[in-house]
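Visitor: next comes the sequence, and after it the predicted model I'd like to discuss.
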Amino acid sequence: MITMKKVSIVVPCYNEEENVVPLSQAIIREFAQQLPGYDYEIIFIDNDSKDRTRELLRELCAGNPKIKAIFNAKNFGQFNSPYYGLLQATGDCGILLAADFQDPVEMIHKFVHGWEEGYRIVIGIKTKSKESKIMYFLRGCYYKTIKKLSDVEQIEQFTGFGLYDRKFIQVLRELDDPTPFLRGVVAELGFRRKEIPYTQPQRRAGKTSNNWYRLFDAAMLSVTSYTKAGIRVATILGGISCMVSVIVALIYLILKLTNWDNFQAGMAPLLIAVCLLGSVQLFFIGMIGEYILGINSRVMKRPLVVEEERLNFDEQGEEKADISSQGEKALAAEQRKEMDENV
């Protein structure tokens, strides 16, 4: 008897009442037309929506046992919720998909075909976008800057949209990071991957929750997780400022000693130097604070999310998955022990 391979579609959502129903219909239609030989599950993970999203998800789950839902107790942020949802996937692979249709549903079968070619990770790379041209340009500058500053390979125009084999999802489970940054983890720890270009469409309906603060939060998480640039630049600029200050002080001292009566320096140089050095210090104190904040978040070891409720999940299947996970961890531990003994 041939068992159908199962694909898990993970959809994080927040205030997506206008999108969750048409998205579920589009995903089901995609499997019926393009992937009839595959089983599937759709996992919606709701990040404490304030509209009718949860009500609609309950109706979807009641009408289709393959549609599942996880309701978070609070809003745990734009990174933790999708990451946690991916860890709950029970399929042979998981596909992370945005709820607003900016991740094209028709890419699903392309990801699966790439997976069948032997790639454990198949991701979508934005080559064009129908969003604001200014935002697309700024995102491009950000990706290029991080790529140059980071010691770890970074993937340009990658949002997390892609397919991940269950072996890589197991790597994510064992990572045990309370502030995960999936895009960086894929680049740093991921298997050999296939990249598929696509054009990002506009949001189908509703208003995006990605304001400037959230985008800044994402940028700083990337900087503090995968670059040393902030600390290194602070050290270099501090040293340069110190040298310039000493040189300027010596020049002023010499000019004053050689032309005591006629040389009037006044307060302007002093004020300029104080303002310049003060602003540089404040900037890099803030940068150091971002690194400390990242360390603090990891040391506290808080859970990724706290669930309030889950729908259509098979408790027996979850127990089997936990047992399987424990078995894989035990096997990996034994292999490491044997390698150590051989060494």
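Guide: Sure thing, it's come through. Remember, predicted model here, so these are calculated numbers, not experimental data. Numbering: from 1, shown residues only.
Visitor: all strands for the chain, in order.
Guide: Secondary structure of the chain (DSSP state E): strands located at 6-13, 39-46, 67-72, 93-96, 121-129, 162-165, 193-200, 307-311.
Visitor: now do the buried residues in the last one.
Guide: Put plainly, it is strand 307-311. Neighbour-count burial for strand 307-311, with 16 or more other CB atoms under 10 Å as criterion, is recorded at 310-311. C-betas here are computed from N, CA, C, even on glycine.
Visitor: I'd guessed Asn80 sits against Pro180; true?
Guide: Yes - if you go by CB atoms under 8 Å, Asn80 and Pro180 touch, sitting 7.0 Å apart.
Visitor: quickly list what's touching both of those two.
Guide: Leu304 (CB atoms under 8 Å, 6 or more residues apart in numbering).
Visitor: circling back: can I get the strands of the chain in JSON lines including mean pLDDT and distance to Glu30?
Guide: JSON lines is the format used below for the strands of the chain (pLDDT from 0 to 100; distance: least, CB to CB, whole Å):
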{"stretch": "strand 6-13", "mean pLDDT": "95", "distance to Glu30": "9"}
{"stretch": "strand 39-46", "mean pLDDT": "96", "distance to Glu30": "9"}
{"stretch": "strand 67-72", "mean pLDDT": "96", "distance to Glu30": "14"}
{"stretch": "strand 93-96", "mean pLDDT": "96", "distance to Glu30": "11"}
{"stretch": "strand 121-129", "mean pLDDT": "89", "distance to Glu30": "15"}
{"stretch": "strand 162-165", "mean pLDDT": "95", "distance to Glu30": "13"}
{"stretch": "strand 193-200", "mean pLDDT": "91", "distance to Glu30": "14"}
{"stretch": "strand 307-311", "mean pLDDT": "93", "distance to Glu30": "22"}
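Visitor: right, and those strands - which one's nearest Leu175?
Guide: When the strands of the chain are ranked by distance to Leu175, counting by CB to CB, first place goes to strand 162-165 at 12.8 Å.
Visitor: can you pull the contacts of Ile27?
Guide: Ile27 neighbours (CB under 8 Å, 6+ apart): 9, 40, 42, 97, 105, 108.
Visitor: got any ranges where the stretch 1-150 of the chain has weak pLDDT?
Guide: Per-residue confidence for the stretch 1-150 of the chain (pLDDT under 70) gives these ranges: 1-2, 131-133, 135-136, 139, 142-143, 146-150.
Visitor: still on that earlier bit, would you list the strands of the chain in a markdown table and tack on distance to Phe283?
Guide: Below are the strands of the chain laid out as a markdown table (distance: least, CB to CB, whole Å):
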| stretch | distance to Phe283 |
| --- | --- |
| strand 6-13 | 33 |
| strand 39-46 | 37 |
| strand 67-72 | 35 |
| strand 93-96 | 35 |
| strand 121-129 | 31 |
| strand 162-165 | 35 |
| strand 193-200 | 33 |
| strand 307-311 | 40 |
